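[1] coordinates only, no sequence provided:
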């Protein structure tokens, strides 16, 4: 009887997670222009369950963005499928990728994403994305750009008595450990219970996850709730591409020598984009960015230099 009741409570918790966090998140994402793919449809595109790239989507995107043939696009897919370093992936995603194509005698740049015209890319969202491994894992929601998995979202029930946020962070850490292939191209991760939504860089400990409270240039009252606001801020296709192109850096810890990945905070995103708009308008030669202590002045300048 105890076994049956614990199974029932597990199933109940899972249902409430779906109803209160996962389903609302999927609805918001669909409204932002993400095409919803069933787990079965996504699996058919992955070749095998231990692979994470949606192969036909990537191949089609490579051909469309670069004007190349199927054979070259297939070779690029095979090349990317073996790439495991997150910093190397970020460089290639941002345009730092070139290779020799059939019949050519020198390498040429290959675009994986069109950052200038977001509509030229393909955006898919998949729920319950099972990845086969020694310890198989099933992330709640994965976002794909041109078939490449860039964001993982973990949904937790707000009704759970346990420390739900810590549980969500722990699950992300398990995924990163057990199915690292999914996180090689990853930009950042999101945890949500449908009310509170936090984001953090690939590999970040839970204390470095944070909220995105300011929806600049929009206002909070334009959104139905906080979940809709934060998902627009982080995952609206053009904004996600802006974050990927200009607001992610890698630093080396001088003490451990370990690489640390950092994603901007909302105030840095707002300050940099306001400064860039001023430069583009050519109205003001100077400006002031007000920083509080510890708000990331140096990184704001790095992000500004990247975007300019």
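    Great, that's in hand. Remember, predicted model here, so these are calculated numbers, not experimental data.
[2] who does the helix or strand hosting residue 245 touch, helix- and strand-wise?
    Taking DSSP states H and E as the definition, residue 245 sits inside helix 237-246. Applying 3 or more CB pairs under 8 Å, 6 or more residues apart in numbering; DSSP states H and E, one finds that helix 237-246 contacts strand 141-145, strand 148-155, helix 226-235, helix 266-281, helix 297-307. Every residue, glycine included, has its C-beta placed from N, CA and C.
[3] ok, 6 Å please
    Using 3 or more CB pairs under 6 Å, 6 or more residues apart in numbering; DSSP states H and E as the contact criterion, no secondary-structure element is in contact with helix 237-246.
[4] can you give me the buried ones in it?
    237, 239-246 (16 or more other CB atoms under 10 Å).
[5] pull up the pairing partners for whichever helix or strand comes after that helix, direction included.
    Following helix 237-246 in sequence order, the next helix or strand is strand 248-252 (DSSP H and E). Strand pairing for strand 248-252, determined by DSSP bridges: strand 259-263 (antiparallel).
[6] that older thread, between the buried residues of helix 237-246, which sits nearest residue 207?
    Nearest to residue 207 among these is residue 243, at 20.8 Å by CB to CB.
[7] any weak-confidence spans in the stretch 51-200 of the chain?
    Within the stretch 51-200 of the chain, the stretches with pLDDT under 70 are 158-165.
[8] can you give me the helices in it?
    Assigned by DSSP state H, counting those that start in this stretch, the helices in the stretch 51-200 of the chain fall at 55-66, 70-81, 86-93, 164-178, 180-183.
[9] bridged to residue 248, which residues?
    Applying DSSP bridges, one finds that residue 248 bridges with residue 263.
[10] can I assume it is in contact with residue 260?
    No: contact criterion CB atoms under 6 Å: residue 248 and residue 260 do not qualify, at 11.6 Å.
[11] not counting its neighbours along the chain, what's nearest the most centrally placed residue in the chain?
    The chain has residue 151 as the residue nearest its centroid, 2.5 Å off, counting by CA atoms, centre = their mean. In space, not counting the residues next to it along the chain, residue 151 is nearest to residue 143; the distance is 4.0 Å by CB to CB, 6 or more residues apart in numbering.
[12] count the neighbours of that neighbour for me.
    Using other CB atoms under 10 Å, the number of residues around residue 143 comes to 23.
[13] so what's it up against?
    Counting by CB atoms under 6 Å, 6 or more residues apart in numbering, residue 143 touches 125, 150-151.
[14] gap between it and residue 251?
    25 Å (CB to CB, to the nearest Å).
[15] any low-confidence regions in the stretch 201-308 of the chain?
    274-308.
[16] again, only this time at 50
    288-290, 293-295, 308 (pLDDT under 50).
[17] if I read this right, residue 260 contacts residue 249, doesn't it?
    No: look at residue 260 against residue 249 with CB under 6 Å: they stay out of range, at 9.1 Å.
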